[in-house]
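K.L.:
Build me a model:
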Amino acid sequence: MKKIIDWTLILLIFAGVTLLGNMIGYDIYNWGAVLGILILITIALLGMIMEEYIPLNIPAVGYIALIGIFISIPWFPGSGYIVEWTSQIELLAITTPILAYAGISIGRNWMDFKEMGWKSLVVAILVFIGTFLGSALIAEIVLRVQGII
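P.N.:
Below you'll find the model as predicted:
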C-alpha cells in the first residue's frame, strides 16, 4: 500500500507541473485539461498496480499502453470525452517533468536528493526550464521547416 501512495504522490506532482507547463507554454486554462491529466495519471497508476499484482512478466508501460488503447477505442463508453480531455494536454508539457524526474532519479530516491542540499534543487529547476525551452525551440524549428507555422 505504501508503494501505491508513493506512486500517487509522484504522479500528482507530475500532474501539477504538467498543468502548469500546459498553462504557461500553451495557454490552455480549462477544466478539460485538468480532467485529461487526471485520466492520464489514473491510467499510469492502474498500469503500475497491475504490474505489481498480476503475476505475468509484463512491464508497467505495457499495461499502461493497453489501458490507454482500450479506453480510447470508439466503442468504449465515454471514449469521446476521454480523447477530447486528454488531447488538451500537450506532449511537451508532459515530457518536461518526466525528464527532470529521470535526471533526479539517478540518485535513486527523493531522500538521497534531499540530502544533496539546496544546490540540487537549483539544478532540478534549471533542468525543468532548460528541457522546456529546448523542447519548445526544437518544436518551433521543425514546425517552421515543415511550413506548419
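K.L.:
CA atoms for contacts and neighbours, from now on please.
P.N.:
Noted.
K.L.:
Geometric centre of the protein: which residue is closest?
P.N.:
The chain has I94 as the residue nearest its centroid, 4.1 Å off, counting by C-alpha atoms, centre = their mean.
K.L.:
Test my guess that it contacts T18.
P.N.:
Yes: between I94 and T18 a contact is recorded at 5.2 Å, counting by C-alpha atoms under 8 Å.
K.L.:
Check which helices and strands the longest helix belonging to the chain is in contact with.
P.N.:
Longest helix of the chain, by residue count under DSSP state H: helix 118-145. Contact here means 3 or more C-alpha pairs under 8 Å, 6 or more residues apart in numbering; DSSP states H and E; on that basis helix 118-145 packs against helix 91-104.
K.L.:
Buried by neighbour count: which residues of the helix it packs on qualify?
P.N.:
Residues L92, A93, I94, T95, T96, P97, I98, A100, Y101, I104 are the ones in helix 91-104 that count as buried (16 or more other C-alpha atoms under 10 Å).
K.L.:
Report the residue ranges of every domain in this structure.
P.N.:
Structural domains assigned to the chain are 1-89, 91-149, following automatic domain parsing.
K.L.:
Just name the most buried of these.
P.N.:
Most buried of these, by mean neighbour count (mean count of other C-alpha atoms under 10 Å): domain 1-89, with a mean of 16.
K.L.:
can you give me the end-to-end distance of it?
P.N.:
29 Å (C-alpha to C-alpha, to the nearest Å).
K.L.:
and if you look at stretch 66-82?
P.N.:
One end of stretch 66-82 sits 15 Å from the other (C-alpha to C-alpha).
K.L.:
Can you give the contact residues for it?
P.N.:
With C-alpha atoms under 8 Å, 6 or more residues apart in numbering as the test, stretch 66-82 has contacts from G36, I39, I43, G47, V83.
K.L.:
7 Å instead, please
P.N.:
G36, I43, V83 (C-alpha atoms under 7 Å, 6 or more residues apart in numbering).
K.L.:
Just give the nearest non-adjacent residue to the last one, would you?
P.N.:
Think V83. Counting by C-alpha to C-alpha, 6 or more residues apart in numbering, V83 lies nearest to S72, which is 6.2 Å off, once chain neighbours are set aside.
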